[in-house]
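Asks: after the sequence you'll find the predicted model.
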Amino acid sequence: MRILTGAILAGLISTTGAFADPVDDKLVLNEETEMVVRTAAPAHVSETLDEVMSGWLFRGEETRAMQMDDFDNPGMIFVEQGQDSWAAVDGSEGKSCSSCHNDMDSMAGVKATYPKWNAEAGEVRTLQMQVNACRTERMGADAWKYDSGTAINMEAALASVSRGMPVNVAIDGPAQSMWEKGKELYYTRTGQLELSCANCHEDSYGMMIRADHLSQGQINGFPVYRLKNTKLNGSHSRFKGCIRDTRAETYSPGSEEFVALELYVASRGNGLSVEGPSIRN
Amino acid sequence: MRISVITVIVAGFAASAAYAEEIEPTAVSYTDGAVEKSLSGVAGDPANGRVIVGDKGQGNCVACHQVTDLADVPFQGEIGPMLDGAGDRWSEAELRGIVANAKIMFEDSMMPSFYKTEGFTRPGNAYTGKAPDETFGPLLSAQQIEDVVAYLATLKE
């Protein structure tokens, strides 16, 4: 009887405890670029976290391996599609993105600084908002729907040329009030389950919640290719899913709330490498 | 045979009695986080409570807790303490209070309040992400809470 209980306990430990902590592993992209997947927490989160960690460290070995080589990373197919639309003429002005910006490599480092204050427009813009501003104001083309396939493919292509560079989102100056708003959302316990982002991703990262291994909920790896739905997913869609899981009424991708939350969550990962498109389950 | 007939009769009687004595989520009285009075007025069924604790669509308590007695249920979480021995550690009234609204016993607990209908920020319609409609009710019914409490009381070290 005693032995039997022991066996059951061992079984429990192997389904849960074994995954409990982030792995001790290095992410080297294409055998050349070493990514920062854990680093000292930036000053504005150091009260609650010592270290910030990429979600990559919380995934299984096979998922991690897929992200190490572009030939194995299914997200790269969508990056290519994003690169195609970079060069495609669209809208009344007869222009493509490359008409103004040359090739995609000129965008290296851009993703790392978004969301970002735009002085002319007087607003904090996510990368998708900036792309849409170029499309509507400069190309005379329609805005892409937030987190739709075309929009997310472009975001992934822009992320891909910044891979390995440290996330470096500005939170002071005119962006500060949006940042504060994002912070407030992060700590608000929503829905009938009354859970905040912090409950799961700050207080409980490394633990199992049912079958899921909780990470810090960082977005340095976005857009992410999910094996679950075999497409690229934007950070706003992820936020929406997490809030829905608290049995709450969600916000929509592209809403001011999610722009604020993206700014805040991105800033929690300042210092981690841009990894998008990364692979998650 | 005989037993099942009696059970059916008792259950039928109990169900009608339950209606009369059920305490609304907004009317539960807590003393130091514990609730003395049965919420349904009907004794809990530990076998059904066992199902509720492990079922994703009901209590889903194993999302956060491990229970050795439920070793057949895969993927048990580790956010809260293991529930083995909960029946030794807590009285029935305390268990009822913890399951109905753990935040009274444990300040700021991450554990959801299973018998509560008010005071939420942006409550939704289950997992749809949409605003709540007229079907909005507590996470578990009065009888489901009683069943879970009866089950927890059997968890002795």
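Replies: Arrived safely, thanks for sending.

Asks: can you pull out the strands in the stretch 51-200 of chain A?
Replies: Along the stretch 51-200 of chain A, counting by DSSP state E, counting those that start in this stretch, strands occupy A:51-53, A:116-118, A:123-125.

Asks: ugh, wrong one, I meant chain B
Replies: Ranges of strands within chain B: none, based on DSSP state E.

Asks: which intervals of it have sub-threshold pLDDT?
Replies: By pLDDT under 70, the low-scoring segments of chain B are B:1-20.

Asks: helices of that one, residue ranges please.
Replies: B:2-21, B:46-54, B:86-89, B:92-105, B:142-153 (DSSP state H).

Asks: from the chain's centre, how far out does stretch B:74-92 sit?
Replies: 13 Å (CA atoms, centre = their mean, to the nearest Å).

Asks: tell me which helix or strand the residue positioned nearest the centre of chain A sits in.
Replies: Geometric centre of chain A, nearest residue: A:I219, 2.6 Å, by CA atoms, centre = their mean. Using DSSP states H and E, A:I219 sits within no helix or strand.

Asks: hang on, isn't it packed against A:L261?
Replies: No. With contacts counted by CB atoms under 8 Å, A:I219 stays clear of A:L261, the gap being 9.6 Å. Every C-beta, even on glycine, is put in place using the N, C-alpha and C of the backbone.

Asks: so what sits against both of these two?
Replies: Common neighbours of A:I219 and A:L261 are not found (criterion: CB atoms under 8 Å, 6 or more residues apart in numbering or on different chains).

Asks: stretch B:95-111 vs chain A: in contact?
Replies: Yes. Residues of stretch B:95-111 contacting chain A under CB under 8 Å from any CB of the partner chain: B:K103, B:M110.

Asks: pull out the buried positions in that stretch.
Replies: Within stretch B:95-111, the residues scored as buried using 16 or more other CB atoms under 10 Å in any protein chain shown are B:95-105, B:109-111.

Asks: what residues does chain B put near chain A?
Replies: Residues of chain B lying close to chain A by CB under 8 Å from any CB are B:56, B:60, B:62-64, B:66, B:68, B:71, B:74-79, B:103, B:110, B:112-113, B:120-132, B:139.

Asks: ok so, going back, contact partners for the nearest residue to the residue nearest to the centre of chain A once chain neighbours are set aside?
Replies: With CB to CB, 6 or more residues apart in numbering or on different chains as the measure, A:S235 is the residue that lies nearest to A:I219, at 4.5 Å, once sequence neighbours are left out. For A:S235, the contact set (CB under 8 Å, 6+ apart) comprises A:I219, A:F222, A:P223, A:E262, A:V265.

Asks: cool, A:V265 as well?
Replies: With contact taken as CB under 8 Å, 6+ apart, A:V265 is in contact with A:G182, A:Y186, A:C197, A:G217, A:Q218, A:I219, A:S235, A:F239.

Asks: contact partners for B:P46?
Replies: B:D147, B:A150, B:Y151, B:A153, B:T154.

Asks: now A:L158: how far from A:Y114?
Replies: Distance of A:L158 to A:Y114, given as CB to CB, to the nearest Å: 9 Å.

Asks: what is the burial count for the residue nearest to A:S273 when sequence neighbours are not counted?
Replies: Spatially, and ignoring its direct neighbours in sequence, A:S273 is nearest to A:M35 (4.0 Å; CB to CB, 6+ apart). A:M35 has 23 neighbours, counted by other CB atoms under 10 Å in any protein chain shown.

Asks: my read is that A:M35 contacts A:G164, right?
Replies: Yes. Using CB under 8 Å, A:M35 is in contact with A:G164, at 5.9 Å.
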